[in-house]
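K.L.:
mind looking at a prediction? Sequence and model below.
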Amino acid sequence: MKRHFKAHGQAVIASLLAGVVLLLDAMAASPSLHELIHKDADKAGHECAVTMFAHGQVDSASVDVPVVVPQTFVETAPTVTISVFSPAIENLPAGRAPPVLPVVS
């Protein structure tokens, strides 16, 4: 039961956090939506998470994630081709011989 809750709990928390970021972005883009939450949102000195998000005053952690590239070893063997002379007579059907050049004397 505990493992089941933990697996679903992480997904729920991730969804809620993504929803908060989207809500902050929507309220930063729409002043009327921001004024629904704060009545003094149109004042010059007003500061809240929405105004900080709108002005880019949000700190985020930057993490360098190493990329692990699986190493594949490919072994290649050189192909050796050996040419051996073979008379053509072996390749002909029985009773046939290669053509003979006439000898001129």
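P.N.:
Ah, there it is.
K.L.:
what's the distance between the residue nearest the centre of the chain and Asp40?
P.N.:
Centroid-nearest residue in the chain, with Cα atoms, centre = their mean: Val67, separated by 11.0 Å. Relative to Asp40, Val67 is positioned 47 Å away (Cβ to Cβ, to the nearest Å). Just so you know, the C-beta spots here come from the backbone N, C-alpha and C atoms, and that holds for glycine as well.
K.L.:
for Val84, same thing?
P.N.:
Val84 is 97 Å from Asp40, where distance means Cβ to Cβ.
K.L.:
ok so, going back, secondary structure class for the residue nearest to the centre of the chain?
P.N.:
Counting by DSSP: H, G, I helix; E, B strand; the rest coil, the backbone at Val67 sits in coil.
K.L.:
do Thr81 as well
P.N.:
Under three-state DSSP, Thr81 comes out as coil.
K.L.:
count of neighbours near it?
P.N.:
Neighbourhood size, Thr81 [other Cβ atoms under 10 Å]: 4.
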